[in-house]
Structure formats: C-alpha cells, structure tokens
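[1] Could you work out the structure for the sequence below:
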Amino acid sequence: MMSIITAVTLLLVALPVEVRSLEDEDVIIPSGMGKVKVLNDNTFEHQTQATSGSTTGNWIVLLCRDGCSEEDEKKFAEGAKLYWDSFIFAKLEPGKSQETLDRFKAYLRKTPTVAVALSRGKMASTPKVQEIDRWVATLQPTKFRYSIPKEKSIIDNFIHWVRDKTGL
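    Alright, predicted model coming up:
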C-alpha cells in the first residue's frame, strides 16, 4: 500500500514546473501558477464568484477601459509571478468583456486602467498598475472596504435589449 507521502511526492514529480530564482533562493512553481488568467463576460462571475462572495480565492483583476498597454500587462504579469501563492491574477479579454467593464466603470472614470483586488464580496482598487507589486504586498483585510458591483439582473438585460432595439 502506497503511503500518502509517496503519493504526494509522485504527484509533485509528475507536475510540469518552472524554476526561478527569487532573492538567491530557488522557488519551484507548478506550471500554470503565476500566470495571468484571461476572463470575459461569460467567465468572470463563474470564476471569481465576485457577486456571491463565495471563496474561489483572492483575485487581482486588471481592468482596462480601452485595452491594456504592453507596459501595464508586463508589470501585471510580474506581480502574478511574485504573488502566485496568495492571489489569482486575471485580466479581461478585449472585445469580450464590456458588461464586466461596465460593472466597474466607477473605478475607470479617472483612469483607463485599474487593478482591483476581490475577496469575499469586497474589493480594493488601485490605478497604479506600474506599482502593482508594492500595492499587493501592502493589501490587508481592512483595505477591502468597497462592495463589489453586482452583475446585471435579467430585468436589466431585458431593458438594455429593448433600448438597443428601439433606440429609446
């Protein structure tokens, strides 16, 4: 009979890994961890459980009103590699995420790009994507003070559809 330690060891050996150096210390990251997930209107709520406050993990999501700059995406990806063990990093898929962007439009009024942290139905945000690593390092439960904007209801979607079709 195989022991639990042997089974876990075999599982870890079978996982593809990426080895990187972090402050003179080798860190093994299972492949797929530290990567930025791509979400859209169809997957955002299901993956993050933002509205319900259910726990699928703590998320940092990059929101870009008019598409993300290459520089912001690169810095965001660096943050994902640094904090892969504490947060799930994601960005919205361009052209397929307008409803989700509309939910967070209050946070995108002054700046075209913002990162939001989502945890247990609450959120924090920063427009300083270039300082994402410093911001994530200082996130505390007290910073999650805003409610996550709710997704549109069926009635809201119907009213939007009627307005689109009639021009009202």
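[2] ok, residues contacting whichever strand or helix holds Ile159?
    For Ile159, the element it lies in under DSSP states H and E is helix 154-166. Residues outside helix 154-166 that contact it (CB atoms under 8 Å, 6 or more residues apart in numbering): 152, 168. (Each C-beta comes from the backbone N, C-alpha and C, glycine too.)
[3] what comes up buried for it?
    By 16 or more other CB atoms under 10 Å, helix 154-166 has no buried positions at all.
[4] can you give me phi and psi for Leu118?
    phi -120, psi 130 (degrees, to the nearest 10).
[5] wouldn't it be in contact with Trp59 here?
    Yes. The criterion here is CB atoms under 8 Å, and Leu118 meets it with Trp59 at 4.3 Å.
[6] more neighbours, these two?
    Leu118 (24 against 21; other CB atoms under 10 Å).
[7] what bridges to the more buried one?
    Taking DSSP bridges as the rule, Leu118 bridges to Trp59, Met123.
[8] Phi and psi next, for the nearest residue to Lys110 once chain neighbours are set aside.
    Setting aside the residues directly before and after it, Lys110 is nearest to Pro127 in space (CB to CB, 6 or more residues apart in numbering), at 7.0 Å. Main-chain torsions, Pro127, degrees, to the nearest 10: phi -90, psi 0.
[9] Hmm, Pro127 is touching Val114, no?
    Yes. Here Pro127 reaches Val114: they are 5.0 Å apart, a contact under CB under 8 Å.
[10] Give me the neighbour count for the residue nearest to Lys110.
    Counted with other CB under 10 Å, Pro127 comes out at 15.
[11] separation between it and Leu62?
    Going from Pro127 to Leu62 by CB to CB, to the nearest Å gives 11 Å.
[12] do Gln140 as well
    Taking CB to CB, one finds Gln140 at 21 Å from Leu62.
[13] show me where this protein has helices.
    Secondary structure of the chain by DSSP state H: the helices cover 4-14, 44-48, 70-82, 98-103, 132-137, 154-166.
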